[in-house]
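S.K.: the sequence isn't on hand, but the structure is:
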């Protein structure tokens with residue numbers, strides 16, 4: 001936890017120096033959060049999204065663990081992997097890796113274990129970045145499976161970049177909800193609905 005806190009401080013300080021600390025819509029909803037278990041779901045636009053999210057969350061939600069694919073097919077992720085940043089984050093517990101082809105049940109096992117232990121886990125249900133600002137791509141079933149099997153409260157966040165000339169995100173914070181259906185398609189539809197409810201507020 002201490003290493004994550006130090007890393008968060010370094011990244012947040014750098015973002016602040018560059019005037020890139022995200023603007024938060026409904027910050028009062030974050031103040032109500034006192035710890036895990038908590039599943040954070042968000043749309044995914046840029047490789048820095050996990051760091052933007054980490055910069056706005058209260059310290060009570062740390063350590064935070066994000067799901068990340070074990071294959072790195074974008075220049076930014078390949079750079080992070082090659083320079084040791086991704087292995088470092090994995091070693092300090094900031095990442096939970098999933099593997100393509102393993103299926104929903106297998107890939108949901110580790111995050112469910114963490115949530116049942118009272119931890120905080122973050123996931124991008126689209127499974128990849130969608131560079132179209134303000135839109136939400138197709139969602140995979142993983143987030144719904146994790147939410148249902150862990151019985152953890154779900155916090156939706158929606159990320160946009162209102163000014164295309166400035167690398168500064170706006171993050172809209174939604175209300176806590178639960179996925180109570182074992183039908184992953186229905187659970188995914190609920191997650192999509194909750195995320196899209198936040199999208200118009202950031203356009």
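M.R.: In hand now; what should we look at? Predicted model only: the values in this text are computed from it and were never measured. Numbers count the residues shown, from 1 in each chain.

S.K.: what are the boundaries of the strands in this structure?
M.R.: Along the chain, the segments classed as strands by DSSP state E run 23-25, 38-42, 64-69, 95-98, 120-123, 154-160, 170-173.

S.K.: to residue 11, which of those strands lies closest?
M.R.: strand 64-69 (12.2 Å; Cβ to Cβ). Any C-beta I mention is one placed from the backbone N, CA and C, and that applies to glycine too.

S.K.: least confident of the strands of the chain, on average?
M.R.: In terms of mean pLDDT, the lowest-scoring of the strands of the chain is strand 95-98 (a mean of 73).

S.K.: in its sheet, what does it sit against?
M.R.: When pairing is defined by DSSP bridges, strand 95-98 lines up against strand 64-69 (parallel).

S.K.: tell me what angle the strand it pairs with forms with strand 38-42.
M.R.: 50 degrees (axes from the mean of the first three to the mean of the last three Cα atoms, to 10 degrees).

S.K.: distance of residue 179 from residue 22?
M.R.: Distance from residue 179 to residue 22, counting by Cβ to Cβ, to the nearest Å: 26 Å.

S.K.: the two: which has the busier surroundings?
M.R.: residue 179 (27 against 20; other Cβ atoms under 10 Å).

S.K.: and the gap between the more buried one and residue 147?
M.R.: To residue 147, residue 179 is 4 Å away according to Cβ to Cβ.

S.K.: shared neighbours, those two?
M.R.: 154, 187, 191 (Cβ atoms under 8 Å, 6 or more residues apart in numbering).

S.K.: which of those lies closest to residue 137?
M.R.: For the shared contacts of residue 179 and residue 147, the nearest to residue 137 is residue 191 (12.7 Å; Cβ to Cβ).

S.K.: count of neighbours near the closest one?
M.R.: 24.

S.K.: that one contacts residue 179, doesn't it?
M.R.: Yes: Residue 191 lies in contact with residue 179 (Cβ atoms under 8 Å); the separation is 7.0 Å.

S.K.: mind listing what's buried along stretch 131-149?
M.R.: Neighbour-count burial for stretch 131-149, counted by 16 or more other Cβ atoms under 10 Å, picks out 136-137, 139-149.

S.K.: centre of the chain to it, how far?
M.R.: Computed by Cα atoms, centre = their mean, to the nearest Å, the separation of stretch 131-149 from the middle of its chain amounts to 10 Å.

S.K.: endpoint to endpoint, that stretch covers what distance?
M.R.: Stretch 131-149 has an end-to-end distance of 30 Å (Cα to Cα, to the nearest Å).

S.K.: just the mean pLDDT for it, thanks.
M.R.: Averaging pLDDT along stretch 131-149 yields 94.

S.K.: contacting residues for the nearest residue to residue 157 once chain neighbours are set aside?
M.R.: With Cβ to Cβ, 6 or more residues apart in numbering as the criterion, residue 157 has its nearest non-adjacent residue at 4.1 Å, and that residue is residue 42. When contacts are counted by Cβ under 8 Å, 6+ apart, residue 42 touches 49, 53, 122, 123, 124, 156, 157, 158, 159, 171, 195.
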